[in-house]
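**Student:** A structural model of the following input is requested.
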Amino acid sequence: MKRTAIITGATSGIGKATAILLAKQGIDLILCGRRKEKLQALADQLSKGVRVHTLNFDVRDKTAVFKNINSLPHSFSRIDILINNAGNAHGLDPIQEGNTDDWDAMMDINVKGLLYVSRAVIPGMIERKNGHVINIGSTAGKEVYPGGNVYCASKFAVDAINQGMRIDLNGKGIRVGAINPGLVETAFSEVRFKGDAERAKKVYQGYTPLQAEDIAEIIWFALSRPPHVNIADLTVMCLDQASSTIVNKT
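**Tutor:** From the prediction side, this is the model:
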């Protein structure tokens with residue numbers, strides 16, 4: 001049976017790479033994102049091989065999340081795969097100097113946004129007794145690093161939600177797992193440093209970081225396992241990264 005996947009944060013980075021790879025595998029797509037033009041451009045690119053539907057909303061907006069997902073056309077109403085990818089980091093300040101707007105953005109997108117989308121999608125999976133949820137976490141959800149305070153807290157929350165989700169959905173025919181990347185060369189650091197491209201560029205210099213396509217391939221590996229196999233929790237780093245603070249740069 002042909003499957004349909006919904007991907008949040010689909011217009012760039014890991015989300016976009018995953019959409020491209022899943023389209024190559026013949027999976028129909030529901031692409032979610034805040035940037036309407038980029039959503040449509042990606043949909044136009046991928047719709048030559050699979051059916052693609054776009055949803056333009058911000059995962060922080062609870063009303064918009066439920067309105068958009070609940071209004072999907074019948075042909076896209078059966079969601080087999082949920083990729084909770086939307087996420088962000090803002091700032092790298094010590095806790096006593098933190099920007100509370102940055103804190104709100106990270107908690108609202110990384111935690112509450114993931115919860116809203118999951119709450120909208122999972123009941124349908126339960127009804128059909130079939131589905132696969134992949135939550136994109138981070139090595140920041142496994143260890144805390146200087147200046148990471150609230151971002152790490154948000155990703156520790158994703159780790160806990162992933163575990164709780166797997167427990168709550170046990171016996172309901174739904175696989176649940178997390179992929180936790182280390183350093184991936186995307187726009188992540190540019191967002192964290194509020195558009196400072198030079199500072200962001202330095203994060204990925206002196207070694208070979210992971211690419212978005214590497215994570216997309218791991219996501220596909222998890223999705224393509226036999227139905228009785230669930231990749232519950234997978235952490236991946238590049239060769240030169242030993243931890244959040246130890247990176248071999250030459």
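
**Student:** Considering only helices and strands, which part of this protein has the lowest mean pLDDT?
**Tutor:** Confidence across the helices and strands of the chain bottoms out at helix 188-192, with a mean of 83, counting by mean pLDDT, DSSP states H and E.

**Student:** residues in contact with that one?
**Tutor:** Contact with helix 188-192 is made by 13, 88-92, 196-197, 199-200, 203-204, as judged by CB atoms under 8 Å, 6 or more residues apart in numbering. C-beta here means a position set from N, CA and C on the backbone, and glycine is covered the same way.

**Student:** right, and out of the residues you listed, which lies closest to Leu31?
**Tutor:** For the contacts of helix 188-192, the minimum distance to Leu31 (CB to CB) is 13.3 Å, reached by Gly13.

**Student:** Okay, the closest one and Gln96: tell me how far apart.
**Tutor:** The spacing between Gly13 and Gln96, counted by CB to CB, to the nearest Å, is 31 Å.

**Student:** okay, the least confident helix or strand of the chain in PDB with CA atoms only?
**Tutor:** In PDB, the C-alpha atoms belonging to helix 188-192 read as follows (Å, rounded to 0.1, in the frame of the first residue of the first chain):
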ATOM      1  CA  PHE A 188      20.900  25.900  12.100                       C
ATOM      2  CA  SER A 189      23.800  27.900  13.300                       C
ATOM      3  CA  GLU A 190      22.900  31.000  11.200                       C
ATOM      4  CA  VAL A 191      19.500  31.000  12.900                       C
ATOM      5  CA  ARG A 192      21.100  30.500  16.300                       C
END
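
**Student:** Can you identify the element that follows that helix toward the C-terminus?
**Tutor:** helix 197-203 (DSSP states H and E).

**Student:** mean confidence for that following helix?
**Tutor:** Averaging pLDDT along helix 197-203 yields 88.

**Student:** Remind me what it packs against, helices and strands.
**Tutor:** Helix 197-203 makes packing contacts with helix 188-192 when contacts are defined by 3 or more CB pairs under 8 Å, 6 or more residues apart in numbering; DSSP states H and E.

**Student:** And the helix it packs on, what's buried?
**Tutor:** For helix 188-192, burial by neighbour count (16 or more other CB atoms under 10 Å) applies to 188-192.

**Student:** before we move on, back to that, and Gly13 and Gln96? which has more neighbours close in?
**Tutor:** Gly13 (22 against 6; other CB atoms under 10 Å).
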